[in-house]
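Engineer: pasted the sequence and its predicted model underneath.
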Amino acid sequence: MASGFLEFSREDSAKLEEIRYELGKIGTNVNQIALAANRGRAPMVKAQWASVDELRRSLPMVAKALSQIIAERRRQGVALFRKFAEAQEGARHG
């Protein structure tokens, strides 16, 4: 699907927004689990704590990777736009 130089397609935008939303929900849930466990309301065994800790470490990395994908897409869009603008300018003067 065609889209603007700096934009994702509607499908990609919807998927990225869904991922961002789900990451936020997962992060909230992980924090609630940790809080409940710390207050003694959700006893956890070592393996469960390890899983919660792994999630807490992984979520920021996933969010960072998603941000890098978006930044790279924007960088590519800017480069494409510059190429287009230069071609338009050359066509006017050539």
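Structural biologist: It's in. Just so it is clear, the model here is predicted, and its values are computed rather than measured.

Engineer: quick one: contacts for the most centrally placed residue in the chain?
Structural biologist: In the chain, the C-alpha nearest the mean C-alpha coordinate belongs to Leu66, at 2.9 Å (Cα atoms, centre = their mean). The neighbours of Leu66, taking Cβ atoms under 8 Å, 6 or more residues apart in numbering as the test, are 16, 19-20, 23. To be clear about C-beta, it is placed using only N, CA and C from the backbone, and glycine gets the same treatment.

Engineer: same check, this time on Leu23
Structural biologist: Leu23 touches 59, 62-63, 66, counting by Cβ under 8 Å, 6+ apart.

Engineer: what about Phe8, neighbour count?
Structural biologist: 19 (other Cβ atoms under 10 Å).

Engineer: before we move on, the earlier item: okay if I get the contacts of Leu66 as CSV plus pLDDT?
Structural biologist: Shown next, in CSV, are those (pLDDT from 0 to 100):
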residue, pLDDT
Leu16, 85
Ile19, 88
Arg20, 83
Leu23, 87
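
Engineer: give the buried residues for the helix or strand where Ile19 lies.
Structural biologist: Assigned by DSSP states H and E, Ile19 falls within helix 10-38. For helix 10-38, the buried set under the neighbour-count rule, 16 or more other Cβ atoms under 10 Å, comprises 27, 30, 33-34.

Engineer: turn the residues you listed into JSON lines, including distance to Phe81.
Structural biologist: Below are those laid out as JSON lines (distance: Cβ to Cβ, whole Å):
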{"residue": "Gly27", "distance to Phe81": "34"}
{"residue": "Val30", "distance to Phe81": "39"}
{"residue": "Ile33", "distance to Phe81": "45"}
{"residue": "Ala34", "distance to Phe81": "44"}
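
Engineer: list just the nearest of those to Ala91.
Structural biologist: Nearest to Ala91, judged by Cβ to Cβ, of the buried residues of helix 10-38 is Gly27 at 49.3 Å.

Engineer: please identify the helix or strand for the closest residue to the closest one other than its chain neighbours.
Structural biologist: Counting by Cβ to Cβ, 6 or more residues apart in numbering, Gly27 lies nearest to Leu59, which is 5.2 Å off, once chain neighbours are set aside. In this assignment (DSSP H and E), Leu59 forms part of helix 46-93.
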